[in-house]
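# Compute the structure for the input listed below.
(one chain, ligands or ions: 1)
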Amino acid sequence: MRRLRLDGCRTVRAGPDGLSAPCRDLVTIGAECASAITTGAAIAGRSGRVARQRIPVVLVAGFLGSGKTTLLNHLLTNSSGTRIGVVVNDFGSINIDALAVAGQVDSSISLQNGCLCCTVDARGMDALLDRLTRPGTDLDAIVVEASGLAEPKEMIRLILAASNEHVSYGGLVDVVDAAEFENTRLAHPDIDRHLAYADLVVLNKIDRIDEQSTATLIETVGRLSGGRPVLATERGRIDPGLLFDQRPAPAEDIARQLSFDDLRSEHSEHDDHDGHLHSTYDSVEFRCSQALHPRRLMRFLDNRPPGLFRLKGVVYFGVPGHTHKFTVHTVGGFLEVRESRWAEGEPRETQLVLIGTGLDREALLTELNACAEADPDSVDPQSMLRILRHVGP
Ligand SMILES: Nc1nc2c(ncn2[C@@H]2O[C@H](COP(=O)(O)OP(=O)(O)OP(=O)(O)O)[C@@H](O)[C@H]2O)c(=O)[nH]1
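Residues are numbered from 1 along each chain as shown. Down below sits the predicted model:
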């Protein structure tokens, strides 16, 4: 069994690029921390392929909007030649996360419409892993980004139950939103339990809280995770070497997360999903091929219903001077807008996913439809100002 091996680590605060220097400089950590994890005994190769180590499958979990895709993007753009395959799972029927990582990844599978933990069984997971490990892909690592409502225990069990002989479980990274964590715990005390399955906790968004609160949270999540290393970060900038360095796993390295009962109970695969976070959440998807009026959308964003915890997607305003692509994220009370270019051939349209509890689908869609603008060329560019104020770094 292989998984993140960070036992010698203490809490580490990542620097601006998240790369290994902070690991060495800021905190005294075990030697394992700087190099890290995964891997296993060499296995028989497939046809024409020499014997090689198993491909570690690292799970990235964490509540809605905590920064999983941001962390994944950071890993993909700083992987220094490590070939990474990803499985991206989004709760809604539009996979915004897959759009966000597209183009940067060696091999990817996008799953939408429900949490992987309940929509895929062990055989389904095998099929996914078979696609990523087929001859020719030659990946060094696979990252599975769970939806923000997935049950980590089920995700781990799915990987451990996989019969694909080319992969091994590489551990669970739990991303925590430092600014939202306490409120999320109040709404969902189960979140505490999720942390107990982590091998590494990434306390993300520390730019949104002060130093004292960071120190308190490090202590809290460290305790809840049973003493696992906690990495305090901004924008998921962790050292990819923490996850992907290849070196032999010690023989005594064993799974700790799941009890025998957890592993054994095949029927638990689909039982008791009522207890999962996603059973109380709804998602609403909105697509619009017409441009959106910036002021009308801003009014909608300013007056989001309290049950709407997460909104994400791309928006087309088409206003003169602002015809490029805007990505909008809300997480709790947080709102961020990002600007980028449309990919070649990408349709100029708006695609939003809204996730929350007790959502009134019809009312939301009516409000969003009312944001459409048939003649964006005639819209005063000044109306973009309130949107532009939320453009993040
Ligand atoms: N201020 C701040 N914003 C961040 C940080 N990390 C991520 N974000 C923003 O938080 C929002 C959500 O980030 P994502 O990476 O999409 O979160 P996620 O966990 O993948 O979201 P779901 O898949 O919907 O659960 C985006 O607007 C990010 O730009 C951070 O460290 N600081």
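
# who in the stretch 51-200 of the chain is up against the ligand?
62, 64-70, 97, 148 (CB under 6 Å from any ligand atom). From N, CA and C alone the C-beta is placed, and that goes for glycine too.

# could you redo the last one with a cut-off of 8 Å?
Applying CB under 8 Å from any ligand atom, we find that the stretch 51-200 of the chain lies next to the ligand at 62-73, 90-91, 96-97, 100, 145, 147-149, 175, 177-179.

# Mark which of those are part of strands, please.
The strands, defined by DSSP state E, take in 145, 175, 177 from these.

# Does the second one touch residue 60 like I think?
Going back to what we said before, that points to residue 175. Yes: using CB atoms under 8 Å, residue 175 makes contact with residue 60 at a distance of 6.5 Å.

# Find the residues that touch each one of those two.
Residues touching both residue 175 and residue 60 by CB atoms under 8 Å, 6 or more residues apart in numbering: 68, 71.

# These two: which has the busier surroundings?
Neighbour count, other CB atoms under 10 Å: between residue 175 and residue 60, residue 175 has more, with 30 against 27.

# Please name the residues that touch that one.
Per CB under 8 Å, 6+ apart, neighbours of residue 175: 60-62, 66-68, 71, 202, 204, 236.

# can you tell me how far it sits from residue 307?
23 Å (CB to CB, to the nearest Å).

# for stretch 64-71, how far is the first residue from the last?
13 Å (CA to CA, to the nearest Å).

# Any regions of the stretch 251-393 of the chain where pLDDT drops low?
Within the stretch 251-393 of the chain, the stretches with pLDDT under 70 are 251-279.

# contacting residues for whichever residue of it sits closest to the ligand?
Using CB to the nearest ligand atom, the closest approach of the stretch 251-393 of the chain to the ligand is made by residue 329 at 3.1 Å. Residues in contact with residue 329 (CB under 8 Å, 6+ apart) are 65, 311-312, 335-338.

# From the residues you listed, list just the buried residues.
If you count burial by 16 or more other CB atoms under 10 Å, the buried members of the contacts of residue 329 come out as 65, 311-312, 335, 337.

# for the stretch 201-350 of the chain, what spans make up the strands?
Using DSSP state E, counting those that start in this stretch, the strands of the stretch 201-350 of the chain run over residues 230-232, 282-288, 291-292, 308-315, 325-331, 334-340, 350-356.

# For residue 35, give me the pLDDT.
Each residue has a pLDDT score; the one for residue 35 is 30.

# burial measure for the nearest residue to residue 183 once chain neighbours are set aside, as a count.
Spatially, and ignoring its direct neighbours in sequence, residue 183 is nearest to residue 332 (6.5 Å; CB to CB, 6 or more residues apart in numbering). Residue 332 is flanked by 17 other residues according to other CB under 10 Å.

# Residue 332 is in contact with residue 180, isn't it?
Yes: the pair residue 332 / residue 180 is scored as a contact, 4.9 Å apart, by CB under 8 Å.

# what touches both of these two?
With CB under 8 Å, 6+ apart, residue 332 and residue 180 have common neighbours residue 65.

# near the ligand, which residues of the stretch 201-350 of the chain show up?
In this structure, the stretch 201-350 of the chain approaches the ligand at residues 204-208, 233-236, 310, 312, 327, 329-331, 334, 336, 338, judged by CB under 8 Å from any ligand atom.

# can we see that at 6 Å?
Near the ligand, when you scan the stretch 201-350 of the chain using CB under 6 Å from any ligand atom, you find 204-205, 207-208, 234-236, 310, 312, 329, 331, 336.

# Now do the same contact list for the one residue in the chain that gets nearest to the ligand.
Nearest to the ligand in the chain, going by CB to the nearest ligand atom, is residue 148, at a distance of 2.6 Å. Residue 148 makes contact with 62-66, 68, 91, 310, 355, according to CB under 8 Å, 6+ apart.

# Let me see the confidence value for the closest residue to residue 181 other than its chain neighbours.
Leaving aside its sequence neighbours, residue 181 sits nearest to residue 217 (CB to CB, 6+ apart; 6.3 Å). For residue 217, the pLDDT comes out at 97.

# you'd agree residue 217 is up against residue 203?
Yes: the criterion here is CB under 8 Å, and residue 217 meets it with residue 203 at 5.9 Å.

# got any residues that touch both of those two?
Joint contacts of residue 217 and residue 203 (CB under 8 Å, 6+ apart) are 176, 178.

# Looking at these two, which has the bigger crowd around it?
Taking neighbours as other CB under 10 Å, residue 217 and residue 203 compare with residue 203 leading, 27 against 21.

# What residues are bridge-paired with the residue nearest to the more buried one when sequence neighbours are not counted?
Spatial nearest neighbour of residue 203, excluding adjacent residues (CB to CB, 6+ apart): residue 232 at 4.6 Å. Going by DSSP bridges, residue 232 is paired in beta bridges with residue 13, residue 203.

# Distance check, residue 232 against residue 349.
Distance of residue 232 to residue 349, computed by CB to CB: 38 Å.

# Look at the two and report which has more neighbours.
Legend: neighbour count by other CB under 10 Å for residue 232 and residue 349, higher for residue 232 (25 against 15).

# Tell me if I'm right that the more buried one and residue 218 touch.
Yes: with contact defined as CB under 8 Å, residue 232 counts as touching residue 218 (6.0 Å).
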